[in-house]
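K.L.:
Kindly return the folded structure for what I paste below:
(chains A, B, C and D)
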4 protein chains.
Amino acid sequence: MKITELRLHKLFSNVEVSASTQAQTTASDVNKAEEGRMNILGGHLTAPSVTTRVRPPITTHILDVARGCPAAGIEVQLEMYNAKQPVPVFGDLDQDKWILQGSSTTDKDGRSGQLMKIVNDLSPGVYRISFNTGKYNPDGFFPFVSIVFKVKESQKMEHFHVPLLLSPFSFSTYRGS
Amino acid sequence: MKITELRLHKLFSNVEVSASTQAQTTASDVNKAEEGRMNILGGHLTAPSVTTRVRPPITTHILDVARGCPAAGIEVQLEMYNAKQPVPVFGDLDQDKWILQGSSTTDKDGRSGQLMKIVNDLSPGVYRISFNTGKYNPDGFFPFVSIVFKVKESQKMEHFHVPLLLSPFSFSTYRGS
Amino acid sequence: MKITELRLHKLFSNVEVSASTQAQTTASDVNKAEEGRMNILGGHLTAPSVTTRVRPPITTHILDVARGCPAAGIEVQLEMYNAKQPVPVFGDLDQDKWILQGSSTTDKDGRSGQLMKIVNDLSPGVYRISFNTGKYNPDGFFPFVSIVFKVKESQKMEHFHVPLLLSPFSFSTYRGS
Amino acid sequence: MKITELRLHKLFSNVEVSASTQAQTTASDVNKAEEGRMNILGGHLTAPSVTTRVRPPITTHILDVARGCPAAGIEVQLEMYNAKQPVPVFGDLDQDKWILQGSSTTDKDGRSGQLMKIVNDLSPGVYRISFNTGKYNPDGFFPFVSIVFKVKESQKMEHFHVPLLLSPFSFSTYRGS
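P.N.:
Numbers count the residues shown, from 1 in each chain, chains lettered A, B, ... in the order given. Predicted coordinates for the structure are as follows:
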C-alpha cells in the first residue's frame, strides 16, 4: 500500500468510526442497510487488488480563499446521473435524472463527511457535487455551486477529489489528488 | 456616457447588426416579437437615465487557459429561475423552473453572442449560465459547466459579466467587469 | 481593422489624451523623450500592416473577487529581463537584470494606465509585471504579486493581456485576450 | 493530536527517512550541521505545546490542471526575505536579500520534499516559494512562478500550505490547509 493510501487509511478509519454515529450525514435512506453491510464486509474482505480503497472514491474539500481558512459548515451533496443516455444532454438537467448518493456538511477542516460508500469499483458515469454557498456567503454572488464531472469506464479504480476554492465573488474547481 | 460604455457601444452596435440575421442565436421563441419591438424602440428612446445600456446586462467570455487563447465554438445558454420561491432551494434544480433566456456559441474571441435582450432594468432573481465544455474538451473532466448567480433588486441597473477560465481539468469563474 | 481593435482604439485614444497630463504614470525617465516622439509618430505613420497597434502590447486588469468589483488604486509595474542569457536562470532574480518599462496605478475599472510604449513590434524576451497587493489588502497573505512571462520571437505582433484575479488569500493569473 | 496531524505524521515520518539519503534535496549548506542537530533534538524534546509539528511549517503541492494529475518533477525552492526592513519594499527585489531555506523537486504526487527544517516556531517574515514551471511546460507562458507571502508574528505556530494549480497559460495559488 503506498504512502498516500496509508495516510488516508489513518484519516478515514477515524471517519468511519464517527460515521457510525450518523451525526452529520443525511444521506438518503435508500440502500442504507446495504451500505452498512458493505462497510462490515469491507473489514473482512481481503481483496486481492493492491488498490483496496480506504476512503470513498469521491471526496471534496472547501477552502475559503477570502478568509484564508477551510470553509466549515457548508452543506454538500453528491448525485449521479441516471438516465438511458450515458451522458446528460446539454441543457437537459431534469432533476428526476439525478440520484442522490449522499450528503454531508463540511467540518472545521473544510472536508465533507462520507458522500458515498467506500466501494472499490466506482460506477462510471456523470456525477454532480453541489455546495450550498449561498447560506455560507449570504451577500455573495453564488446561491449554490454545482460541479458536473464524468468518470470513465477506464477510471473506475481511480480516486476523484473535487475541491472548491471559494470567495464571495469567484470560485474554482479542479480534479485534485 | 463613460468611456467603458462608449467602447461597448461600438462593440455591441456591430453585434446588433449581425443579430438581425439570427445566424447564431437559438433563443426561445417566447417574446420574440416583443424582443424585436424592444430593439427598435431602444433606438428611438432617449431614456433620461445616464446608464442606458448598449449591451445586454449579462455577458460572458471563455478563455482556454490550457491553450492560451479564447475558447471558440462553445455553446452557451442563459436561463432564469422562475418559481414561486425567490431563490431555488438547494438541491431542487427541477428543469421546469428554469426559463431559457437565450443561447449562442462563442466566437473566435471567446465571446458569446447576445444571450438576452438589451434591457435597462435587469429582472432581479437567480440566473444560470451553462457552457457545453464536454463538446469542446472531449477528454476533459467536465461534460458541461453551469454557473448559478443572483441579481439583487438593488443591482438591476448593474452589468453582470460572468467569464469562464477553462482547462480540461479545472475551471474558474467570477463576477467580472 | 477588426471590431476588438476598434473598440480598443476608442479606449486607448482617450487614455493617450489623459496620459499627456502624466497624472498617474511614474515611468522611468529613460527614453521618455523617445517615447513622446514615438507617440507622435504613431499618429502620423500609416503602417502597411493591418495590425497597427492602438494600445500597448502588454496590458493588465485587476479584479477583487472577494469584493466583486475592480481593484482600484493598486500600483503596477512592468519590467523586462535584460541580461546576456535570453531567459533568467531559475533562482537568479538579481534586480539589476530587470529594467523598468513603466508603472501606473489601477483606475476605478481595475485597469492600469499605459505601462509601456505603443510599439508595433514587442521586444521578445521575459517580462515581469508586479502588483502592490499588500498595500491594497494589508491583512492579506501576499505583500506583492509578481508574474513572470515570456514573449517569443514569433509572438512579437501579438497582444499580451495579463490580468490578476485577487482575493486576500488567493490569486490567479492567465494569458487573457 | 488531531487527525490531520496524525495523518501527516505518517506522511512525513516516511519523508524524513528518505531525506537522510539526501537524494533530492539540494538545500544550501548553511546551517546544515545545525539542522541535523535540530532534527535529533526534535525527537527528544517533549514540548509542552500540543501543536508539536510533525511536518515542516511550510509545504506545497502542484497540480497540473491541464492534464488532470499531480505535476511531478518540478523544481521548487523556498527563500526567506532577510533585510533590515521587515517587509520588502515593492519593486526592490534584490536577490541578496533572499536567503535560500531549501529546495526540492516534486514527486509523483506533486508534493515537494522537505523545504525547511521541522521547527515548532516558524520565523515570522516574508517568504518566497518558486517553481521552475518553464522546464515543465516549455511551450507555456511562465518561465517560472514565484509566490511571495508573509507570516505574521501571531501566526508562527500555524501551518502554511501554498499550493500551485498550473496549466500552460494560467496558474492559481492560495493559502491552503
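
K.L.:
Quick check: A:Val65 touching D:Ser172?
P.N.:
No: applying C-beta atoms under 8 Å, one finds A:Val65 not in contact with D:Ser172, separated by 9.1 Å. To be clear about C-beta, it is placed using only N, CA and C from the backbone, and glycine gets the same treatment.

K.L.:
where does chain A have low pLDDT?
P.N.:
Counting by pLDDT under 70, chain A contains low-confidence ranges at A:1-51, A:83-96.

K.L.:
Show me the strands in it, by range?
P.N.:
A:58-59, A:62-64, A:69-70, A:75-81, A:98-105, A:125-131, A:145-151, A:160-161, A:164-167, A:170-174 (DSSP state E).

K.L.:
Distance to chain B and mean neighbour count added to those, as CSV?
P.N.:
As requested, these are exported to CSV (distance: least, C-beta to the nearest C-beta, whole Å; neighbours: other C-beta atoms under 10 Å in any protein chain shown):
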stretch, distance to chain B, mean neighbour count
strand A:58-59, 12, 22
strand A:62-64, 13, 26
strand A:69-70, 19, 16
strand A:75-81, 6, 21
strand A:98-105, 8, 20
strand A:125-131, 6, 23
strand A:145-151, 5, 21
strand A:160-161, 9, 18
strand A:164-167, 8, 27
strand A:170-174, 3, 25
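
K.L.:
looking at these, which is closest to D:Ser167?
P.N.:
strand A:170-174 (9.4 Å; C-beta to C-beta).

K.L.:
in its sheet, what does that closest one sit against?
P.N.:
With DSSP bridges as the test, strand A:170-174 is paired with strand A:164-167 (antiparallel), strand B:170-174 (antiparallel).

K.L.:
what angle separates the longest one from strand B:125-131?
P.N.:
For the pair strand B:170-174 and strand B:125-131, the angle between their directions (axes from the mean of the first three to the mean of the last three C-alpha atoms, to 10 degrees) equals 150 degrees.

K.L.:
Tell me who's in contact with A:Lys150.
P.N.:
A:87, A:124-127, B:134, B:141-143 (C-beta atoms under 8 Å, 6 or more residues apart in numbering or on different chains).

K.L.:
and A:His159, what does it touch?
P.N.:
A:53, A:55, A:57-59, A:177.

K.L.:
Of the residues you listed, just say which sits nearest to chain C.
P.N.:
Distances from chain C to the contacts of A:His159, taken as C-beta to the nearest C-beta, are shortest for A:Ser177 (18.8 Å).

K.L.:
so how many other residues sit close to that closest one?
P.N.:
If you count neighbours by other C-beta atoms under 10 Å in any protein chain shown, A:Ser177 ends up with 21.

K.L.:
wait, it sits on D:Arg111?
P.N.:
No: A:Ser177 is beyond contact range of D:Arg111, at 9.3 Å (criterion: C-beta under 8 Å).

K.L.:
what do those two both touch?
P.N.:
Residues touching both A:Ser177 and D:Arg111 (C-beta under 8 Å, 6+ apart) are D:Pro70.

K.L.:
picking that back up, what touches both of A:Val65 and D:Ser172?
P.N.:
The contact lists of A:Val65 and D:Ser172 share A:165, C:170, where a contact means C-beta under 8 Å, 6+ apart.

K.L.:
Helices of chain A, start to end?
P.N.:
A:3-19, A:32-44, A:133-136 (DSSP state H).

K.L.:
need the residues of chain A near chain C, please.
P.N.:
Residues of chain A lying close to chain C (C-beta under 8 Å from any C-beta of the partner chain) are A:64-68, A:140-141, A:165, A:167-170, A:172.

K.L.:
Would you format those residues as CSV with distance to C:Gln101 included?
P.N.:
Output for these, formatted as CSV (distance: C-beta to C-beta, whole Å):
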residue, distance to C:Gln101
A:Asp64, 36
A:Val65, 30
A:Ala66, 32
A:Arg67, 35
A:Gly68, 32
A:Gly140, 37
A:Phe141, 35
A:Leu165, 32
A:Ser167, 31
A:Pro168, 34
A:Phe169, 31
A:Ser170, 29
A:Ser172, 30
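
K.L.:
Quickly check those for the two that are furthest apart.
P.N.:
Farthest pair in those (C-beta to C-beta) is A:Gly68 and A:Phe141. Separation: 19.3 Å.

K.L.:
of those two, who's got more company?
P.N.:
A:Phe141 (24 against 18).

K.L.:
Report how many residues lie close to A:Arg67.
P.N.:
16.

K.L.:
My guess is it contacts C:Phe141. True?
P.N.:
No: between A:Arg67 and C:Phe141 there is no contact under C-beta under 8 Å: 10.7 Å.

K.L.:
Quickly list what's touching both of these two.
P.N.:
C:168-169.

K.L.:
Show me how chain A divides into domains.
P.N.:
A:2-46, A:58-173 (automatic domain parsing).

K.L.:
can you tell me how far A:Gly176 sits from chain B?
P.N.:
Computed as C-beta to the nearest C-beta, to the nearest Å, the A:Gly176 to chain B distance reads 9 Å.

K.L.:
That residue against A:Ile58, yeah?
P.N.:
No: A:Gly176 sits out of contact with A:Ile58 when judged by C-beta under 8 Å, with a separation of 11.0 Å.

K.L.:
Common neighbours of these two, please.
P.N.:
In contact with both A:Gly176 and A:Ile58: A:161-162, using C-beta under 8 Å, 6+ apart.

K.L.:
so A:Ser167 sits right up against C:Ser170, yeah?
P.N.:
Yes: the criterion here is C-beta under 8 Å, and A:Ser167 meets it with C:Ser170 at 7.1 Å.

K.L.:
hey, what's in contact with both of those two?
P.N.:
In contact with both A:Ser167 and C:Ser170: A:Val65, using C-beta under 8 Å, 6+ apart.

K.L.:
ok, and for stretch A:106-122, which residues are buried?
P.N.:
For stretch A:106-122, a neighbour-count test (16 or more other C-beta atoms under 10 Å in any protein chain shown) marks A:106-107, A:109-118, A:122 as buried.

K.L.:
Pull up the distance across that stretch, start to finish.
P.N.:
22 Å (C-alpha to C-alpha, to the nearest Å).

K.L.:
ok, is it in contact with chain B or not?
P.N.:
No: shown here: stretch A:106-122 not in contact with chain B (C-beta under 8 Å from any C-beta), separated by at least 13.4 Å.

K.L.:
re earlier: so which of the strands of chain A comes closest to D:Leu78?
P.N.:
strand A:62-64 (21.1 Å).

K.L.:
What is the closest one packed up against?
P.N.:
Strand A:62-64 sits against strand A:69-70, strand A:164-167, with contacts defined as 3 or more C-beta pairs under 8 Å, 6 or more residues apart in numbering or on different chains; DSSP states H and E.

K.L.:
Adjacent strands (with direction) for it?
P.N.:
Going by DSSP bridges, the partners of strand A:62-64 are strand A:69-70 (antiparallel), strand A:164-167 (parallel).

K.L.:
picking that back up, from the buried residues of stretch A:106-122, which is closest to C:Met157?
P.N.:
Closest to C:Met157, out of all of those and judged by C-beta to C-beta, is A:Gly110, at 45.5 Å.
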